[in-house]
Structures are given as C-alpha cells and as structure tokens.
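J.: give me coordinates for this.
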Amino acid sequence: MRALRFVALGDSLTQGVGDPVGEGWRGWAALLAGGLAPVDAPVDAAVDAAVEFTNLAASGAQTRDVLERQTPAGLALRPDIVSVVIGVNDTLRCTFDIHAVAERLDTVYSAFRAQDAVLITACLPDPGATLGLPGALARPLARRQRAVNAVVHALSERHGAVHLHASEGEWLTDRAMWSADRLHPGERGHRQLAVRFHAVLTEAGLANGPAPSAEPEFPAPTRSAGLWWLATAGTGWVARRCTDLLPQLLTLAADEVHHRARGTSARLDLRAAHAVASALASLSAVEQPDAA
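T.: All right, here's what the predicted structure looks like:
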C-alpha cells in the first residue's frame, strides 16, 4: 500500500496563518492530513506512512497564482486528494473580475479531475464582516465574496468536488475562533475547519483516519500579544492590501451610499448576480460548442 498523496493549494488561510507552530504555520490542511488515511489502510497504520502531505499555498495568493504557479507543481505530484481554497484575495484587489476568477477555477478544477484526484473546495466568509468594516465599505466586499462563492458552488458541483460551506456557521461570530488580525482563524478556528472538512470527506467515504481534535493544543494569544501583532506585522499586512484596494473601495462605498439613499441598492445585487450568471454561461459556451 502506497501512501495517500494530499496536496493543498490556496492562500494564507491554507498556508496556516493564525495557527503558529514553532517558527512556521500549521493550519487546517495539515491538521486534516492526519485523518486522510487511505480507506484500505490498516487502522493502526502510522499517519506519516499512510499520508504524504504537501502544502503549496502561499500568503497573498490569488486565483491567478493558483493557476499559474501552484497547479503545475500540484499536478506534478499526482495527488489522490487536492484542496483548492482560494478567492478572498481576489476580492481585495482593484483588478477583481468574476469572469476571470471563474475561468481560472474551472481550469484548475478540470486539470486535477483529469488526473482522477478527489477535489475538495470551500466557500469562504466575506472579509468585510470578519474585519468589522463599516457597512458602506463592507457591503461591496460582501457582494464580491458572494459572487466568488456562487462560482465555487457551481463549479464544485460541475466537477464533482467535495464542498464545504465554510461561509456559514456559528464559528464566524465566535471571537475565540479568530486570530488577532480578525481575518485569519486562530488555532481553534483552523481546527474547526479541519474537523468540518473531515466530516464531509468521511460522509463521502473518502477519509479513514481519526478526526482532528477540535480542542487547541496551545493557549490562545493574549490580548496584549494580539495588539502587538496588529501594531507591527499586522499594520504592514493591512497597508499592503489597502494601497491596492482602498481608492476603488472608496468609490464603491460612495456608489453604495448613493444607491442606498435612493432606495436602489437592489440594482447592485442584481448587477453582481448577472455578472456571475454571465461568467458561468461563458464557461458552458466554451465547453459545449455548437452541436450543429
């Protein structure tokens, strides 16, 4: 029996930011790996011998990075299971384009399914809500994240992925689940994701190892440690992203206020829904040329 190969693609969430172990990050994917023993593995088989885990995720990655950098490396490993959890960073860029996001994800999903890899995906919380931004700033980001989630939902179903609804649940409002930056889960939050991924994989008959523990191994960072992180590394992290997004976000917020004042906010939602439908329809047109 050869080891099961599990490869994780994505951004800082999958890299493990918020769940420090030693000098690096661990995260939900590494926690999940121990529960992904092959279904024919002996019950007492050592996890290290039963699963080969490779984490290709990188902080700041967008769907373009997953397509152009992580996917070729992942395909070369010929994984049995591959996780593709990505999209939040796309919503935080002035270049956000749901058509491009859909095309890239469709290409990535197709490539791994062509190798008969089990594909696992997730829809994600909107960053405006987790960061606690004011409504006029948060709503445009929420609309973008809903668009990405809708695309991920549709493509996950099309490609037969095992999908986790991570944009839902009480864990989103439980402060104990989140790290100091309020954008990444802490250890407890990463464990919650690992437990939920393990549950959907077990239900699909694809996980034979023990479920990850939901209880943290390390004490949660103190409030003072969290404030210190925000004042040092966290400030730089936010600044790097706001430099790119802020001018456009202010424009989006002004548009939001304008429509809200006129009672026409529904038009913004309809516009976003139409963009998603158009993006998915374009993919269908490419995959299904004129039968005549």
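
J.: quick one, helices of the stretch 51-200 of the chain?
T.: Secondary structure of the stretch 51-200 of the chain by DSSP state H, counting those that start in this stretch: the helices cover 63-65, 71-76, 88-91, 98-114, 127-131, 135-158, 187-203.

J.: need the winner for burial among those.
T.: Across the helices of the stretch 51-200 of the chain, averaging neighbours per residue (mean count of other C-beta atoms under 10 Å) puts helix 88-91 on top, at a mean of 23. Every C-beta, even on glycine, is put in place using the N, C-alpha and C of the backbone.

J.: off-centre distance for that helix?
T.: 10 Å (C-alpha atoms, centre = their mean, to the nearest Å).

J.: who touches that helix?
T.: Helix 88-91 is contacted from outside by 11, 13, 60-63, 96, 101, 124, 126-127, 141, 144-145, 148, using C-beta atoms under 8 Å, 6 or more residues apart in numbering.

J.: again with stretch 66-80
T.: Stretch 66-80 is contacted by residues 4-7, 9-10, 38, 54, 56-58, 61, 82, 84, 86, 104, 107-108, 111-112, 115, 117-118 when judged by C-beta under 8 Å, 6+ apart.

J.: which of those residues are buried?
T.: 4-7, 9-10, 38, 54, 56-58, 61, 82, 84, 86, 104, 108, 111-112, 117-118 (16 or more other C-beta atoms under 10 Å).

J.: where does this structure have its least confident helix or strand?
T.: None of the helices or strands of the chain scores lower by mean pLDDT, DSSP states H and E than helix 47-50, at a mean of 60.

J.: from residue 135, how far out is residue 173?
T.: Distance from residue 173 to residue 135, counting by C-beta to C-beta, to the nearest Å: 17 Å.

J.: residue contacts, residue 29?
T.: Taking C-beta under 8 Å, 6+ apart as the definition, contacts of residue 29 comprise 6, 8, 14, 16, 53, 55, 57, 83, 194.
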